[in-house]
Structures are given as structure tokens and as C-alpha cells.
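Visitor: compute the structure for the input listed below.
(one chain, ligands or ions: 2)
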Amino acid sequence: MEVSDEGNVTRVQSLAQSGLSRVPPQYIQPPQTRPVRQPDPTQTLPVIDLSSFDLAAVAHACRHWGAFHVTNHGVPPSLLAALRRAALSFFIDTPMPEKLRYACSPAAPASEGYGSKMLASTSESSSTALDWRDYFDHHTLPLSRRNPLRWPEFPPEYRETVARYSEEMKGLAQKVLGVISESVGLRASRIEDAVGEFYQNVTVSYYPPCPEPDLTLGLQSHSDMGAITLLIQDDVGGLQVLKGDTWVNVQPLQDAVLVLLADQTEIITNGKYRSCEHRAITNPDRARLSVATFHDPAKTVKISPASELINESSPAKYRDVVYGDYVLSWYTKGPEGKRNIDALVLDS
Ligand SMILES: O=C(O)CCC(=O)C(=O)O
Ligand SMILES: [Fe+2]
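Guide: Residues are numbered from 1 along each chain as shown. Ligands and ions are numbered 1, 2, ... in the order given. I've put the predicted structure just below:
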């Protein structure tokens, strides 16, 4: 997720540390996107135990939430902890001038590195309030995109931990996409076959404490653009998912991995499953860390609804899209909830 003039972009962490009691105006959300302080407390995100589950529970979670926690997923908890530790150390132990050596390139959107501003500065995106977030984006797969020299050098185990984590997340994404495929009535490999080789990015988000949590968002409302996102976080909380028209807090679940269905899975399942709209709120007291691992098609891949799910009574709901075109529209227009996928919906 990324940038235009990152060289000049203020790091939110520096702002937060300057001890200001009001946030600068460019971070203030318009009234309609400010976070509600009382999300629905009666709702809790489904949990799927990957060592024993029934497909109906997966189908229910995908249909009604587009998101669920997975437990017994096979990724060692020690690796999740090691990644969180290394990532946090980059943000809190590394001096700012050293961090800025990894600043995202000003030229291209979605460039790798240390950034703060998700969208390119276009006239369409200029009205969007800034996120109260800094991040580090790693290009991890395919290996031809990977250059660990662009990843933090400290702590010393950083690069190796990201590499191990990337591998584990790839395996888990394949496993979970297989289960999702079967739960919608497709053969297990069907969604993965449609996506093709995974283009995987690992993005660490660091949300510093914010003096005005009622007026700001850590990350604006969006759905992820690829196929599937796997997210881990610390115990602070702040992620919210939209269920129907209600925002629900996602309670951090120790050692679980959170699965978010992304837009290409919505298209492939012909809308039987919807991608999850989500956002991060800010916290006045504690910084928060999350790590999202995105699994996307190559830019040249054409995504279309699975023909097995289309018939006379259930016609194709989305037009085909070349993934690179989808990404370009996302970064120029901004996510604004789910507007990019909504633009592909065919008139019925
Ligand atoms: O910080 C979080 O929990 C959400 C991050 C996220 O949605 C993203 O990076 O796309
Ligand atoms: Fe996201």
C-alpha cells in the first residue's frame, strides 16, 4: 500500500513523539468516517480450528463476515512472536535517520520500504484524511521480487525472520484458500488456480498513540485488493470489520491468525463470498503493531467469476478484470470502502 512524495512525508511516529495534544488538520476525518466509540459488543468474529472444522462453519464465516480467526494453523507461535518482536524493534529501537534509509521510493505506488502515506497524491485522493500510521512494506514473493538488502538490517535476525514468515504464510494461504474453495462448492485448488503464483507482500503497520482518537483513523476503511490476507497483531486491539452496516471490534486472539477475504476472491466466487471491509482505529495510550501478509495475483492475470458458479439463475455478477488495472484504479481513486470492486458489478 503506498505513496507519492514519501521523501517529504511526515512520520506519524515523529508527530506523536513531539507531544502534541491536537492532531494536524490533515489527519482529521470528516464526520461521516469518524470511528464510532461503541461498536456492536455483542458480535464476535468466528474462530475456525484448522485441525477440526466443518465446511459449513467456514461458509458461514465467509458469507457473513468475510473474515475469521484460524487456530491450530500449524505456524509455530514462536515464529509469530519473533516476527512481532523484530518488526516492533525496527519502529521503536531504530533511530529515525536510520529508518529513513529505507524510505519508500517517491516514484512508484506500492514501492517497498518505510512509509506513512498509502495513496498517491492525486486530485481524487487529496480529499482523503491521512492515516495515523507508519508502515514497512516488504516484497516477499515470488523470489524474483525479493531483495532482503532493502529490509531492515537490525535486529540481526530481522531478514531471516521475515523470510521464514513469508514461507509459512504462503503455505497457510494455500491451505485456507483450499478450505474456502471447498466451502463454496468448488474443488480445493480452484481459487488458487485462478489467482496463479502468489505475489506476496508483508506489511508491518505501526500505529503510534493518538491524542484525538475520536477524530482520526489509523487506517481508513477499505477491503484488500488481492485474494487473501493473513494478519497477526499485538494485544492492543483497534482493528474493526464491517458486518452488514455495523462496525465490530476484532478482539486480538493470542497465536491465532486472522483471515481476511479480499476483492479477487469476491469476484472468483461471484459474490457468494464478499471481501471484508475493515479499518483500524487509534488509541490514546498505547502504540499498536500489526502485520498483514497479502496474497495477490500477478498484474497480468485476468480474474473472472468461476464458471462453475454461474448458471441461468445465478449469472455472472462481476465483469472480468486484469489485476494490474484493478490495482491502478485502487491507488489512484483510493479505496473508500469497497468502491473499486463495486465498480465491477454488472447491472442485473
Ligand atoms: O492494522 C490492521 O489491523 C489492519 C491492516 C490492514 O488492513 C492493511 O494493512 O491492509
Ligand atoms: Fe487491509
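
Visitor: from here on, just use CA atoms for contacts and neighbour counts.
Guide: Will do.

Visitor: any residues touching stretch 247-255, and which ones?
Guide: The contact list for stretch 247-255, computed with CA atoms under 8 Å, 6 or more residues apart in numbering, reads 39-41, 43-45, 69, 71, 77, 80, 233-242.

Visitor: ok, and of the residues you listed, which contact ligand 1?
Guide: L239 (CA under 6 Å from any ligand atom).

Visitor: quick one: average pLDDT of the helix or strand containing E98?
Guide: In this structure, E98 sits in helix 96-100 according to DSSP states H and E. In this model, helix 96-100 carries a mean pLDDT of 95.

Visitor: thought V162 was touching R84?
Guide: No. Using CA atoms under 8 Å, V162 is not in contact with R84; the gap is 10.0 Å.

Visitor: mind giving me the PyMOL select for the contacts of stretch 247-255, buried ones only?
Guide: Here is the PyMOL command that selects only those of the contacts of stretch 247-255 that count as buried (16 or more other CA atoms under 10 Å):
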select buried, resi 45+69+71+80+233+234+237+238+239+240+241+242
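
Visitor: over to T140: give its phi and psi.
Guide: phi -110, psi -40 (degrees, to the nearest 10).

Visitor: verify the contact between it and V202 for me.
Guide: Yes. Contact criterion CA under 8 Å: T140 and V202 qualify, at 6.8 Å.

Visitor: between the two, which contacts overlap?
Guide: What both T140 and V202 touch, as defined by CA under 8 Å, 6+ apart, is the set S166.

Visitor: if we can go back for a sec, which of the contacts of stretch 247-255 fall in strands?
Guide: When those are checked against strands (DSSP state E), the matches are 69, 71, 233, 239-242.

Visitor: any chance of the residues you listed in a markdown table, with pLDDT and distance to A56 too?
Guide: As requested, these are exported to a markdown table (pLDDT from 0 to 100; distance: CA to CA, whole Å):
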| residue | pLDDT | distance to A56 |
| --- | --- | --- |
| H69 | 98 | 15 |
| T71 | 98 | 17 |
| Q233 | 98 | 27 |
| L239 | 97 | 26 |
| Q240 | 96 | 24 |
| V241 | 96 | 21 |
| L242 | 95 | 21 |
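
Visitor: residues from the stretch 101-250 of the chain in reach of ligand 1?
Guide: Residues of the stretch 101-250 of the chain lying near ligand 1 (CA under 6 Å from any ligand atom): 205, 224, 239.

Visitor: isn't T293 right up against M169?
Guide: Yes. Counting by CA under 8 Å, M169 is a contact partner of T293 at 7.2 Å.

Visitor: those two - which one has more neighbours?
Guide: Applying other CA atoms under 10 Å to T293 and M169 shows that T293 carries more neighbours, namely 24 against 21.

Visitor: other residues contacting the helix or strand harbouring the more buried one?
Guide: Assessed by DSSP H and E, T293 sits inside strand 288-296. Residues from elsewhere that reach strand 288-296 (CA under 8 Å, 6+ apart): 84, 88, 166, 169-170, 173, 195, 198-209, 225-234, 236-238.

Visitor: PyMOL command for the buried members of the residues you listed?
Guide: To isolate the buried ones among the contacts of strand 288-296 in PyMOL, judged by 16+ other CA under 10 Å, type:
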select buried, resi 84+88+166+169+170+173+195+198+199+200+201+202+203+204+205+206+207+208+209+225+226+227+228+229+230+231+232+233+234+237+238
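
Visitor: hang on, the earlier thing: list the buried residues of the helix holding E98.
Guide: So for helix 96-100, counting by 16+ other CA under 10 Å, buried means K99.

Visitor: same thing with stretch 146-161?
Guide: 146, 148, 150-152, 158-159, 161.

Visitor: and for stretch 318-328?
Guide: Quick answer for stretch 318-328 (16+ other CA under 10 Å): 318-319, 321, 323, 326-327.

Visitor: and if you look at stretch 21-38?
Guide: So stretch 21-38, judged by 16+ other CA under 10 Å, has buried residues 23, 27-29, 34-35.

Visitor: stretch 130-144 too?
Guide: 130-141.

Visitor: for stretch 59-77, same thing?
Guide: 59, 61-63, 65-71, 73, 75.

Visitor: ditto for stretch 45-59
Guide: For stretch 45-59, the neighbour count (16+ other CA under 10 Å) marks 45-48, 50, 55, 58-59 as buried.

Visitor: would you turn the buried residues of stretch 59-77 into JSON lines with distance to V259?
Guide: Below are these laid out as JSON lines (distance: CA to CA, whole Å):
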{"residue": "A59", "distance to V259": "13"}
{"residue": "A61", "distance to V259": "10"}
{"residue": "C62", "distance to V259": "10"}
{"residue": "R63", "distance to V259": "13"}
{"residue": "W65", "distance to V259": "10"}
{"residue": "G66", "distance to V259": "8"}
{"residue": "A67", "distance to V259": "5"}
{"residue": "F68", "distance to V259": "5"}
{"residue": "H69", "distance to V259": "6"}
{"residue": "V70", "distance to V259": "7"}
{"residue": "T71", "distance to V259": "11"}
{"residue": "H73", "distance to V259": "11"}
{"residue": "V75", "distance to V259": "14"}
